[in-house]
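K.L.:
could you look at this predicted model? Sequence included:
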There are 2 protein chains.
Amino acid sequence: MFSQTVEYALRTVLHLASVGRSCTTAEIATATQVPRAYLSKVIQSLAAAGIVASHRGAGGGVVLVREATDLTILEVVNAVEPIQRIHTCPLNLAAHGVNLCPLHRRMDSALAMVETALRESTVAEVLSEPTTSIPLCDFPGRGPIAPPCGTLR
Amino acid sequence: MFSQTVEYALRTVLHLASVGRSCTTAEIATATQVPRAYLSKVIQSLAAAGIVASHRGAGGGVVLVREATDLTILEVVNAVEPIQRIHTCPLNLAAHGVNLCPLHRRMDSALAMVETALRESTVAEVLSEPTTSIPLCDFPGRGPIAPPCGTLR
DNA sequence: GATAAATCGGACGTCAACATCCAATTTGGA
DNA sequence: TCCAAATTGGATGTTGACGTCCGATTTATC
């Protein structure tokens, strides 16, 4: 349902938000376990969507452009694999016009729910939520204040 | 989000339910505009899931096994492309164990909503719902009682 | 049994998603 | 200026989804 690339993009953004500074792709790849070479492609999509910015050369790297408190999970997903709502009849039945039949209305409604659910969570919320399973972190946490996670060690 | 094959499977089941008799793949292909050769593969998946049964030879064809009032959209979707819930951490982080982190909890929750939405609609409901856009039918309808649809003309 | 109607099963083709690799380019610093 | 650090862009490889084709098989009917 969600592609591998979506998962990669989310990990990347979460890592950048949690460390709060510029990272090289090599660092992100290690921390998020995303294939290094493919990660650069994912980052290009995120950059095209204005979520991250990348800088070449020595001292370069990738940095989060958007505020974590203002960046939704949906935006990250849509940057790499836009959720395709059903706007017109897939059969192109003339009689249906812009009205979806009961079947496609239900399918589209399910997609709408996904959009809504993903739009209601920001990157900051996901990172700050009290939990024992901290995103990208292989140490058990004990609340909002946790040991350093997702960073190179 | 939903594959082409899912769309094909739904059209097939809706057609069978609406005509209420055995059909040949050629007939279904014409009525549903599904590629004839590929349709046979889709039907094999539906048959493996026990939703339809196919019979070879003269007078053979495909017939709906399940009651339309008891068959959910989810079952049809799952027959050809099972919705993959997120049960364990995609990163295999040992510390997470069976607990999903806030990110994957949200992603899985979105998938759960899709499952629920699709489980709450039966094939019979979709076909009987009053609408001007009757599934598979290119004539405008005026309520539950509509001109013959999705059949060969 | 012969024939025609139908599905079955496997081989094959195409294309996009996922992934890798490397030369080219950019950039900061000695 | 030169070098090392980084991303960029394009070529390439791999795999699964989608789709086609056709001979083999099954079955009703005559």
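P.N.:
Noted; the coordinates are in hand.

K.L.:
just checking, residue A:83 touches residue A:116?
P.N.:
No - Residue A:83 lies out of contact with residue A:116 (C-beta atoms under 8 Å); the separation is 10.8 Å. Just so you know, the C-beta spots here come from the backbone N, C-alpha and C atoms, and that holds for glycine as well.

K.L.:
dump the longest helix belonging to chain A to CSV, restricted to CA.
P.N.:
For chain A, the helix that runs over the most residues, judged by DSSP state H, is helix A:102-119. Taking C-alpha atoms only, helix A:102-119 is exported to CSV below (Å, rounded to 0.1, in the frame of the first residue of the first chain):
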residue,chain,number,x,y,z
PRO,A,102,-21.1,3.9,-5.3
LEU,A,103,-18.1,1.6,-5.7
HIS,A,104,-15.7,4.3,-6.6
ARG,A,105,-17.1,6.6,-4.1
ARG,A,106,-16.2,4.1,-1.4
MET,A,107,-12.8,3.5,-2.8
ASP,A,108,-12.1,7.2,-2.9
SER,A,109,-13.5,7.7,0.5
ALA,A,110,-11.0,5.2,1.8
LEU,A,111,-8.2,7.2,0.1
ALA,A,112,-9.6,10.4,1.7
MET,A,113,-9.4,8.9,5.1
VAL,A,114,-5.7,8.0,4.5
GLU,A,115,-5.0,11.6,3.4
THR,A,116,-6.8,13.0,6.5
ALA,A,117,-5.0,10.6,8.9
LEU,A,118,-1.6,11.5,7.5
ARG,A,119,-2.3,15.2,7.3
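
K.L.:
what helix or strand is residue A:54 located in?
P.N.:
If you go by DSSP states H and E, residue A:54 is part of strand A:52-55.

K.L.:
if we can go back for a sec, tell me the buried residues in the longest helix of chain A?
P.N.:
For helix A:102-119, the neighbour count (16 or more other C-beta atoms under 10 Å in any protein chain shown) marks A:102-111, A:113-114, A:117-118 as buried.

K.L.:
same question, stretch A:29-42
P.N.:
By 16+ other C-beta under 10 Å, the buried positions in stretch A:29-42 come out as A:29-32, A:34, A:39, A:42.

K.L.:
got TSV for those residues, with secondary structure, distance to residue A:63 and pLDDT too?
P.N.:
As requested, the buried residues of stretch A:29-42 are exported to TSV (DSSP: H, G, I helix; E, B strand; the rest coil; distance: C-beta to C-beta, whole Å; pLDDT from 0 to 100):
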residue	secondary structure	distance to residue A:63	pLDDT
A:29	helix	16	93
A:30	helix	17	92
A:31	helix	15	91
A:32	helix	16	91
A:34	coil	17	91
A:39	helix	15	94
A:42	helix	15	95
